[in-house]
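> okay, sequence plus prediction incoming.
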Amino acid sequence: MKNVSKALTIAGSDSGGGAGIQADLKTFQELNVYGMSVLTAVTAQNTLGVQAVYPMTPEAVRRQIDSIAQDMGTDALKTGMLFSAEIIAAVAEKIRQYQWEKVVVDPVMVAKGGETLLEREAVDSLKNDLLPLACLVTPNIPEAEVLTEMSIQTMEDKKAACQKLHRLGPKWVLIKGGHDRGDDQATDILFDGKEFFTFQSKRIPTKNTHGTGCTFSAAITAELAKGAEVPDAVSAAKKFIAAAIENGIKIGKGHGPTNHWAHRLKGDESN
Ligand SMILES: Nc1ncnc2c1ncn2[C@@H]1O[C@H](COP(=O)(O)OP(=O)(O)O)[C@@H](O)[C@H]1O
Ligand SMILES: Cc1ncc(COP(=O)(O)OP(=O)(O)O)c(N)n1
């Protein structure tokens, strides 16, 4: 095989395999992209929640990034769980050093069960150190509310939040609609500082949504690695995540993971 596209995830490990590094690598593989990983933290986690978090040292994060950058390089990268201001500073330093541009920042803050994946005091570092380096930032509604310090209830609020986030420096902002209150559509809004793009799909009634945000941002990153423009990458990733949620895996006692191979299924097949 020639000209294989490469994508890197800088994120935490989910021992349950539904979110984090594991979800990202499964997604890269499904989308025919060679996946590489830099671990920021190990979580003891399953479908019921996060039982423990063990962050890596910032030096360990720097060394992993150097190993990849100085040998294989990457066509695009995403960040997920970064946990602390110190780890964010290490990641930002390396993105600047290697002049990486296709950088997708998924500003992971809390797990579905409410457990902390980003220390409260690290939010300012995320805004000041990392967002200015991002090609795209992909908050869900609660994350966009923390980053903008505004309440997001309506589509107009979502657009105003996009504008506020864009002023922090990312080239593109995508506010996701998984947490939209009382809507039968999952509507994501993309903004490049001038124009709004809307991506909509039917809201699927399921509790098996563990790792949706990770999988979605990994799919966008894979498409960018293959050379897609941002709106096309989001459009392809939206189809990928809709199939993954529709065919979510009934495993464990809590929120089961999305199904990374669902895009290969036809019609009414499910797990
Ligand atoms: N129940 C659902 N049905 C269809 N699409 C969904 C559903 N939940 C989330 N999505 C979509 O999955 C992607 C991830 O969104 P979201 O759940 O908001 O992220 P996060 O996992 O970070 O909270 C978005 O494209 C969103 O619109
Ligand atoms: C290690 C790790 N990273 C990220 C998350 C959050 O994943 P997300 O896709 O937002 O899914 P839910 O937590 O909402 O299911 C995580 N849980 N673990």
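Great, that's in hand. Being a predicted model, the structure only gives us computed values, none of them experimental. Ligands and ions are numbered 1, 2, ... in the order given.

> ranges for the helices of the stretch 151-271 of the chain?
155-166, 212-225, 230-246 (DSSP state H, counting those that start in this stretch).

> can the last one be found next to ligand 2?
Looking back up the chat, that one is helix 230-246. No - on the criterion Cβ under 6 Å from any ligand atom, helix 230-246 is out of touch with ligand 2, staying 10.0 Å away. (Glycine included, C-beta is placed from N, CA and C.)

> picking up where we left off before, of all the helices of the stretch 151-271 of the chain, which lies closest to ligand 1?
With Cβ to the nearest ligand atom as the measure, helix 212-225 is the member of those nearest ligand 1 (2.2 Å).

> what helices or strands is the closest one leaning on?
strand 6-14, helix 20-30, strand 76-79, strand 103-105, helix 230-246 (3 or more Cβ pairs under 8 Å, 6 or more residues apart in numbering; DSSP states H and E).

> could I get these as JSON lines with mean pLDDT and mean neighbour count?
Shown next, in JSON lines, are these (pLDDT from 0 to 100; neighbours: other Cβ atoms under 10 Å):
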{"stretch": "strand 6-14", "mean pLDDT": "98", "mean neighbour count": "27"}
{"stretch": "helix 20-30", "mean pLDDT": "98", "mean neighbour count": "25"}
{"stretch": "strand 76-79", "mean pLDDT": "98", "mean neighbour count": "28"}
{"stretch": "strand 103-105", "mean pLDDT": "98", "mean neighbour count": "27"}
{"stretch": "helix 230-246", "mean pLDDT": "98", "mean neighbour count": "21"}
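
> could I get the ones you listed as a markdown table with distance to ligand 1?
Output for the helices and strands packed on helix 212-225, formatted as a markdown table (distance: least, Cβ to the nearest ligand atom, whole Å):
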| stretch | distance to ligand 1 |
| --- | --- |
| strand 6-14 | 12 |
| helix 20-30 | 10 |
| strand 76-79 | 12 |
| strand 103-105 | 12 |
| helix 230-246 | 5 |
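
> residues from the stretch 101-250 of the chain in reach of ligand 2?
So far as Cβ under 6 Å from any ligand atom goes, the stretch 101-250 of the chain lies against ligand 2 at 108, 111-112, 117, 210-214.

> let's see 8 Å
106, 108, 110-113, 115, 117, 140, 209-216 (Cβ under 8 Å from any ligand atom).
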